[in-house]
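Visitor: Structural data only, the sequence is not supplied:
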């Protein structure tokens with residue numbers, strides 16, 4: 001994703017089930033979230049621009065990549081409306097994977113915060129019973 005004016009913050013959501021892994025790289029106006037292969041989990045990743053996202057959206061370029069397959073996100077002008085609720089702005093499929101772009105209101109995590117690093121045996125058994133973890 002390339003955002004005019006630069007990125008205030010970018011991060012991936014925590015995954016206590018350890019079913020996905022995302023790395024985030026920010027260089028000026030460019031942010032890249034990379035999902036590690038061979039993991040079946042779903043993971044949210046966030047980007048907060050320095051300036052008003054509604055004003056920046058028409059000049060923002062976003063693409064999803066999987067190997068050599070590249071798919072740009074179509075961004076319609078009428079999609080750039082904020083109602084205070086999560087809103088799907090665009091969806092694409094690339095290499096058999098679905099990627100969605102949402103507009104949301106989220107708190108910025110404190111830079112010294114740490115994520116959940118694991119779980120105990122009881123919670124692990126419950127997550128396995130619900131199908132979130134495999135033996």
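Guide: That came through fine. Keep in mind it's a predicted model, so treat the numbers as computed, not measured. Numbers count the residues shown, from 1 in each chain.
Visitor: in which helix or strand would I find residue 17?
Guide: Using DSSP states H and E, residue 17 falls within no helix or strand.
Visitor: Can you tell me, leaving aside adjacent residues, what's nearest to it?
Guide: Nearest in space to residue 17, with sequence neighbours left out and distances taken as CB to CB, 6 or more residues apart in numbering, is residue 132 at 4.9 Å. In short, each C-beta sits where N, CA and C put it, glycine included.
Visitor: so that neighbour sits right up against residue 19, yeah?
Guide: Yes. The pair residue 132 / residue 19 is scored as a contact, 7.0 Å apart, by CB atoms under 8 Å.
Visitor: Tell me, how many residues neighbour residue 35?
Guide: 18 (other CB atoms under 10 Å).
Visitor: what pLDDT does the residue minimising distance to the centre of the chain get?
Guide: Centrality entry for the chain: nearest residue to the mean C-alpha point is residue 45, 2.1 Å, by CA atoms, centre = their mean. pLDDT for residue 45: 88.
Visitor: Now do the helices in this structure.
Guide: Assigned by DSSP state H, the chain shows helices spanning 53-56, 121-129.
Visitor: Show me which positions of the last one end up buried.
Guide: So that's helix 121-129. residue 127 (16 or more other CB atoms under 10 Å).
Visitor: which ones are touching the residue lying closest to the residue nearest to the centre of the chain once chain neighbours are set aside?
Guide: In this structure, residue 45 finds its nearest non-sequential neighbour in residue 33, 3.9 Å apart by CB to CB, 6+ apart. Residue 33 is in contact with 10, 12, 22, 23, 24, 45, 47, counting by CB atoms under 8 Å, 6 or more residues apart in numbering.
Visitor: Could you rerun that using 6 Å?
Guide: Neighbouring residues of residue 33 by CB atoms under 6 Å, 6 or more residues apart in numbering: 22, 24, 45.
Visitor: Next: residue 15.
Guide: Contact analysis of residue 15 by CB under 6 Å, 6+ apart lists residue 43.
Visitor: Just give me the neighbour total for residue 82.
Guide: 12.
Visitor: State the distance from it to residue 125.
Guide: Residue 82 is 41 Å from residue 125, where distance means CB to CB, to the nearest Å.
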